[in-house]
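J.: With the input below, show me the fold.
(one chain, ligands or ions: 1)
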Amino acid sequence: MPTDDGIWTLVVHGGARFILEQDRARFAAGCAEAARVGGDVLARGGRAIDAVETAVRVLEDLPDFNAGTGSVRNVAGIVEMDAAVMDGETLAIGGVGAIRDVRHPVSVARAMLDETPILLVGDGAGQFAEHIGAEPADAGSIPASGGCDTVGCIARDQSGHVAAAGSTGGLEGKMAGRVGDTPLPGCGLYADDRAGAAALSGEGESIARGMLAAHILFALPDSGPLAAAQMAIARLGRTGGEAGAIVLDPDGGFGIAHNSEQFSVAVAAHWLDAPRAGTHADDLREWFT
Ligand code: ASP
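T.: Below you'll find the predicted structure:
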């Protein structure tokens, strides 16, 4: 693996869903801000795993996005969130499912990287959050407008390591206790220094049934990020469902694909003077690999 080769890339998504035209600039701006903050970590020589957590925390605090503060409610009117992080250097994974009352589920997931289990759900996740002193959710949080707007991030740092993270309130009106694709490795995310990284948003049951992140990682070395992302989205032809994927190769090249009408995304990289953002893959098409 190269060390400090000066190459870094970070890609953020703010969910695969329809976004009203008047709201698009705001979604893009939120993603751009997350990419800027996460990108700063990488520009300073920081680790991919720190950058993806940092970027996702920014989005968890923005009420437009269905994660953290903006999380939608389940059928019982309760916010239950899923989040995960994966370190491509060690293949360590930390995830939480159906966790309640924390401001930054992604940071609880991050703390799980040091533990043997890869996923804690419900009360167990809550007890772990309490044990690490996780910050409680703001009691006045307002759920986002609904739809698929999970947030996620993938990054490649200057040491050649990749990482992925995701965070979501899940699907609005979901069954109590339901856990989607977001914290499931090989479904909503995956990261492996030898192949690259991927993060997804969309209908979690379809993403899990198609094992979309796993298929992306297997395809990446031969196909490259764009074709791997497109192939994963094409798999939804078998299950139905809307989704979007952001994909990164070990050299920092990236690709984006979705079958939803919009997919808010942003990229920051050593070769860009500032993050570029949009609400459709085409908005960033000129920078794909
Ligand atoms: N993938 C998420 C889930 O099914 C939803 C989303 O992307 O908004 O939980």
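
J.: buried stuff in stretch 7-24?
T.: Residues 7-17, 19, 24 are the ones in stretch 7-24 that count as buried (16 or more other CB atoms under 10 Å). Where C-beta positions appear, they are placed from N, C-alpha and C, glycine not excepted.

J.: swap that for stretch 243-261, sorry
T.: 243-250, 252-260.

J.: re the thing from before, pick the one among the buried residues of stretch 7-24 closest to Ala32.
T.: The closest of these to Ala32 turns out to be Val12 (CB to CB; 8.3 Å).

J.: for that closest one, helix, strand, or coil?
T.: strand (DSSP: H, G, I helix; E, B strand; the rest coil).

J.: Over to Ala134?
T.: coil.

J.: next one: the one 4 residues further on
T.: Secondary structure of Asp138, reduced to three states by three-state DSSP: coil.

J.: hey, where'd the helices end up in this protein?
T.: Applying DSSP state H to the chain gives helices spanning 24-43, 48-60, 105-111, 122-131, 204-209, 212-223, 225-234, 236-239.

J.: Closest one of the buried residues of stretch 7-24 to Met81?
T.: The closest of these, once distances to Met81 are taken by CB to CB, is Gly15, at 13.9 Å.

J.: So the closest one is in contact with Gly169, correct?
T.: No. The pair Gly15 / Gly169 is not scored as a contact, 10.4 Å apart, by CB atoms under 8 Å.

J.: Between these two, which contacts overlap?
T.: Residues touching both Gly15 and Gly169 by CB atoms under 8 Å, 6 or more residues apart in numbering: 66, 150.

J.: for the buried residues of stretch 7-24, which one is nearest the ligand?
T.: Gly15 (5.2 Å; CB to the nearest ligand atom).

J.: neighbours around Ala29, how many?
T.: 16 (other CB atoms under 10 Å).

J.: about what we covered before: make CSV out of the buried residues of stretch 7-24 and add distance to the ligand and pLDDT.
T.: Formatted as CSV, those follow (distance: CB to the nearest ligand atom, whole Å; pLDDT from 0 to 100):
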residue, distance to the ligand, pLDDT
Ile7, 29, 96
Trp8, 26, 98
Thr9, 22, 98
Leu10, 19, 98
Val11, 16, 98
Val12, 14, 98
His13, 9, 98
Gly14, 10, 96
Gly15, 5, 94
Ala16, 6, 94
Arg17, 7, 90
Ile19, 12, 92
Arg24, 17, 95
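
J.: Noted, bye for now.
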